[in-house]
Structure formats: C-alpha cells, structure tokens
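> Predicted model, plus sequence, below.
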Amino acid sequence: MMKITRRTFLKTGLAGAVTLAAASLIPGFNHIFTWAEDIDTRNIRCLREAGFTVDRQTVTVPGLRKSYRFAFLSDLHILIPNEEVSDEAMETVKERYEKGFIDPDGTPSCLLWDKLTDAINELEIDALLLGADMIDYFSQANFDCLRKGCQKLRAPFMYIRADHDYSDSYSRRYSQEAVDEAEQALDGDREIACLDYGEFLLAGISKSTGPISAEGLKELERLFGLGLPVVLITHVPFDSLIDDSLNKASREVWQDRALLWGYQNTLYSPTEEAKHMLDMLYAPDSPVAAVFGGHLHFRADVRLTETIPQHVFDAAFRGNVGYIIVSS
C-alpha cells in the first residue's frame, strides 16, 4: 500500500483546491456539484434577494421519480387608473391603487408584477401557477400589463381566473364577450386547466367564485379517474370536514363571511354540480394529494380530511410568493 505523507496530502489537497477554484470560473461548472435540495435554496434566496417573502410548501407523493417545483401567485390585483375608468369610479380606483394593493414598500401591484416576473425568470421551476385575481378588474391597460409579463416568462404558466379577472365593474365599457375573447387569446382560458407530468397531475379550477359548470365537472371527473395523484389549485379554498379553524378565520377577517366552498355555513353554496365536485374531493378514494388556494388575503393551513392538506397563500400584492415542491 502506498504511504501518503502529511506533506504529500497537503500538496495534493491544495492542488486540487486550486484546480476546483479555477474550474468554478467556467460557466455552468458549479451546476455539476449542485444537489437537488440546493436548487430550492438557490430559488428561495433569489426571491428573497429580490425583496419578496417566500412561503415554502412541500407535497409528498410516494413513488415520484423526481422532484417538481412551482412558484405560486394569486391576488395581485393589477390596476392602472386611466381614462378607461368611469368618472364615478375614479376616486375608488385611485384609492385602491395608492393604498389598497401595494407592497410593504409602497410599490403598486402593476409595478410589482414586473419585478415578480424578473425574479421568477431567475428560478429553476417547472411552472408558474397564477391562482386568480391577478388583475383587479378588466381593462385593456390592466390586461396588457398582465399579458406582457406572461409573455416574457421563461417557464410555462397555468392561469386560473376568478371574478376580478373577468369583471369590468370600474369601467363598464367591455362586453363579457370581449373580455372572454381577450382571456382566451392569452392561454385558452380553460375552466379546468391541467399540467400532466406523467406521474401526477396539477389541475386548476378556474372561475371558482361561481359554481362549476356541467362541462367543467365532467372534465374534473375525467382527470380524477386517470389513476394519478392530483395536486389541485383553486382560487376559492374549500371548507374542512374535520376542522373549522379556516371557516372561523375567514369570518373574522371578512365580516362574518366564510369565503369558502362547502356543504353548509359557507358563502359559496353548492349547486348539484358543485356538490358533486365536493363529494369527489372529500371521497375516501380521492386522488387529491393537496389543495392550494388564495382569495382570503391571509396565509392558512387546514386539513380538509384526514388525508388531504390544504394551504392558502397570502396575497401577492403584499410581495408574497408561494414556492411548492412536489416530491416523494
């Protein structure tokens, strides 16, 4: 056996260190030595250095061959006061712009969106999830601001909508047909969106401030029947069958209103289709591994059943970014 002296060890060790240091200057070299968990550390550091608060969540799906990463934004409420706003609504819109939807540094949501997309473009993620109310009301200026940010994204995105995304309540100059046409041109605007990763599905329920349609329910049934785990994205969260803490928290913040979907004692009362959706979600054999939502403008955790966790993300206009890891 060859004997390694202290001098030889130090000499070779120093030489190796110098070689590694020199090699690390080569673009891309450091990625060779990056472990999977370091991707998350780097992504989260990037967001925090850009000034954002990161809400990290992990979903465990047994048997996955790799880990998946998603950024999540909802309730950004982009708004730009301009001539599209009606005279009677302008004072309200200006107040929402200057005081309502700003981050802790006073940055309005429309300007924050540009910072958010720049930061998200630095991340190594599988997709960006837009969980609705990304604009405060439909106007050409608000929609164009959102659209331009979406167009510069490097990662794929899934965008589910809610009432603010479609409403033109402060301008009243756009027909519903014109709004729908603009939304469909952006990404197809499906009521049930889906990203299929082969070993699990990421499904999104759009328009959840209203009841699911018969067509939407049929598509959700199809996805639930594919035999794959489902990570479900919704704007309006669901009430729990076993824990009333989220119901109570919503009532405390929203003038005694539980802004949830549930069988009873919630603001959103189910139609037959919506009841069937809840039955599917809560079923003992439900494929849902986790639910993520927004809408409430505060952060919360609750278990919908003994096996299904639900996390509610705080509003993006406050500078909050959700970071979801799906792994085994």
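That came through fine.
> and D256, that one's in a strand?
No - counting by DSSP: H, G, I helix; E, B strand; the rest coil, D256 falls outside a strand, being coil.
> G294 versus that one, what's the distance?
20 Å (Cβ to Cβ, to the nearest Å). Glycine gets a C-beta too; all of them are placed from N, C-alpha and C.
> neighbour count winner among those two?
G294 (30 against 8; other Cβ atoms under 10 Å).
> How about the contacts made by that one?
Shown in contact with G294 (Cβ atoms under 8 Å, 6 or more residues apart in numbering): S74, D75, G131, A132, D133, H235, P237, V312, F313, A315.
> Could you check how many residues crowd around the first one?
What it means is S74. S74: 30 neighbours (other Cβ under 10 Å).
> likewise the last one?
As a burial measure, the neighbour count of A315 was computed by other Cβ under 10 Å and equals 22.
> part of a strand, is A71?
Yes - under three-state DSSP, A71 falls within a strand.
> looking at it, it is touching I125, isn't it?
Yes - with contact defined as Cβ atoms under 8 Å, A71 reaches I125; the gap is 5.5 Å.
> Let's see the distance spanning stretch 209-217 from one end to the other.
15 Å (Cα to Cα, to the nearest Å).
> Please read the previous query as pertaining to stretch 236-254.
Chord length of stretch 236-254, first to last residue, is 14 Å (Cα to Cα).
> pLDDT weak spots in this protein?
In the predicted model of the chain, residues 1-37 satisfy pLDDT under 70.
> Any idea which residue is closest to the centre of it?
F72 (2.3 Å; Cα atoms, centre = their mean).
> bridging residues for that one?
L129, G322 (DSSP bridges).
> Do I have it right that it meets L129?
Yes - with contacts counted by Cβ under 8 Å, F72 reaches L129, the gap being 4.6 Å.
> okay, and the common contacts of the two?
With Cβ under 8 Å, 6+ apart as the test, F72 and L129 both reach I233, F292, G322, I324.
> In contact with the second one, which residues?
Applying Cβ under 8 Å, 6+ apart to F292 gives the contacts 57, 72, 129, 131, 231-234, 310-313, 322, 324.
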